[in-house]
Structures are given as structure tokens and as C-alpha cells.
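Trainee: Model the following, please.
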Amino acid sequence: MTTLENRPNSALIVIDVQNEVVDETWNRDDVVGTIAGLVDKAREADTPVVWVQHSDDYLTIDSDGWQIAAPLSPADGEAKVRKLYRSSFEATDLEQVLADAGIGHLIVTGAETNNCVRHTIHSALERGYNVTLVSDAHTAWHGSWPGGSQDGAAIIDEQNRSFENYQLPGRSVTTSVAADVTFN
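Mentor: I've put the predicted structure just below:
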């Protein structure tokens with residue numbers, strides 16, 4: 001597998017922190033606040049912030065639900081990637097955005113933990129990226145429906161444990177709490 005050692009830079013990736021996506025997620029306000037703090041730290045360090053927004057038949061582009069959730073707001077010049085699939089790489093320009101900036105390390109935050117966050121991390125690994133999953137800056141839907149339920153906290157915990165020090169030849173995923181994340 002080709003690794004991206006010739007790309008020394010990092011980027012903060014904010015996946016699908018959109019009104020409708022995070023509306024009923026576990027610990028929504030704390031997670032969005034943590035992501036906002038990371039965005040501020042990344043900007044102070046001149047680390048690129050990449051905003052990913054999902055759309056589908058139920059989440060239409062430019063609708064209120066599709067918008068980035070407050071208090072988050074992309075700054076002028078920050079990359080915005082629109083996607084249709086769970087992986088932020090699939091049928092998007094994300095890989096080109098990262099290549100153009102010499103980025104080989106992704107610091108991942110966002111929603112939904114068990115869908116778009118997980119699929120993006122796996123896709124990043126397959127492409128040779130190193131990844132840091134910010135363990136307190138991702139979230140999942142939390143609730144029930146007739147005949148079932150989903151515990152957002154348990155999903156987040158499982159993903160954090162699954163990705164903790166996950167190694168593949170020449171690349172890895174680590175986890176870190178937001179307070180310990182540093183930007184280059």
C-alpha cells in the first residue's frame with residue numbers, strides 16, 4: 001500500500017454536522033461545542049478545516065436541515081465537500097482538496113459515528129492516510145422506533161475502542177480527546 005509520507009500536513013475534517021443530521025444525536029450540544037473549539041484551534045494554527053455535507057432524498061442541498069449546525073460556520077476559503085454516500089471520499093473532490101494542500105493526516109470529527117464517520121475513516125485508511133479520531137467530537141443518533149432502539153453513547157464508545165491504535169501497513173488510526181489534539 002502506498003502511504004502518504006510525502007504529505008506532511010494535517011487537516012481537521014468536520015463530517016455532516018448539519019442541522020437535521022445532529023438534531024437527535026447523543027450529547028449533541030457538547031459534541032458540537034467540542035468541534036467548535038477544535039475549529040478555532042485549527043484556524044489559530046493555520047491548519048485547514050474541511051467541511052463535509054451530506055445530501056440525499058431526505059436531506060436536500062440548501063434546505064434548513066442541510067445547513068451546518070450552529071454555532072459552527074465555515075470561514076471564507078475553507079473547503080466544502082458535498083457528498084451523496086457515507087464515505088466522504090466517494091464521488092467527491094475530497095481527495096483532490098487534500099492532495100492540493102499536502103495533507104496526509106486527517107483529524108476526524110462529526111456525525112454519524114456508525115455511518116459517515118466510520119466509512120470515511122476506513123476509506124481514508126484504504127487511500128494511505130493516517131487518521132486521528134477525536135473521541136469526544138463525534139456523535140450518533142440516539143433514540144427508538146417501533147420495535148427497536150439505538151444507544152448513541154454505546155455506538156460512540158464502540159467506535160472509539162475499535163479505532164484505538166488501529167494499524168495497517170504504513171498507516172494508522174489513533175484516538176484522542178479534543179483537549180490533547182495538536183495542529184501543525
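
Trainee: what ranges do the strands span in the protein?
Mentor: 9-15, 49-54, 79-83, 103-111, 130-139, 143-145, 148-150, 166-168, 171-176 (DSSP state E).

Trainee: In TSV: those strands, plus mean pLDDT, distance to His122 and mean neighbour count.
Mentor: Every C-beta, even on glycine, is put in place using the N, C-alpha and C of the backbone. Shown next, in TSV, are those (pLDDT from 0 to 100; distance: least, Cβ to Cβ, whole Å; neighbours: other Cβ atoms under 10 Å):
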stretch	mean pLDDT	distance to His122	mean neighbour count
strand 9-15	97	13	25
strand 49-54	98	15	23
strand 79-83	98	15	18
strand 103-111	97	11	25
strand 130-139	98	9	24
strand 143-145	85	25	9
strand 148-150	88	20	10
strand 166-168	93	10	13
strand 171-176	96	9	18
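
Trainee: Dump these to a markdown table, plus distance to Gly33.
Mentor: What follows is those, written out as a markdown table (distance: least, Cβ to Cβ, whole Å):
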| stretch | distance to Gly33 |
| --- | --- |
| strand 9-15 | 13 |
| strand 49-54 | 16 |
| strand 79-83 | 21 |
| strand 103-111 | 12 |
| strand 130-139 | 9 |
| strand 143-145 | 21 |
| strand 148-150 | 22 |
| strand 166-168 | 27 |
| strand 171-176 | 17 |
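
Trainee: and the spatially closest residue to Glu5 that is not a sequence neighbour, what does it touch?
Mentor: Distance criterion Cβ to Cβ, 6 or more residues apart in numbering; nearest residue to Glu5, sequence neighbours excluded, is Gly104 at 6.9 Å. Gly104 sits next to 3-10, 98, 128-130 when contact means Cβ atoms under 8 Å, 6 or more residues apart in numbering.

Trainee: Gly104 and Val17, how far apart?
Mentor: 23 Å (Cβ to Cβ, to the nearest Å).

Trainee: hmm, back to that, just the buried ones from the contacts of Gly104?
Mentor: 4, 7, 9-10, 98, 128-130 (16 or more other Cβ atoms under 10 Å).

Trainee: Enumerate the positions of stretch 54-62 that are buried.
Mentor: Buried-residue list, stretch 54-62, by 16+ other Cβ under 10 Å: 54-55, 59.

Trainee: Relative to Thr174, how far out is His105?
Mentor: 10 Å.

Trainee: Which neighbours do those two have in common?
Mentor: Counting by Cβ under 8 Å, 6+ apart, the common neighbours of His105 and Thr174 are 131-132.

Trainee: low-confidence ranges in this protein?
Mentor: 1-3 (pLDDT under 70).

Trainee: about what we covered before: could you point out which of the contacts of Gly104 is nearest to Gly143?
Mentor: Tyr129 (32.2 Å; Cβ to Cβ).
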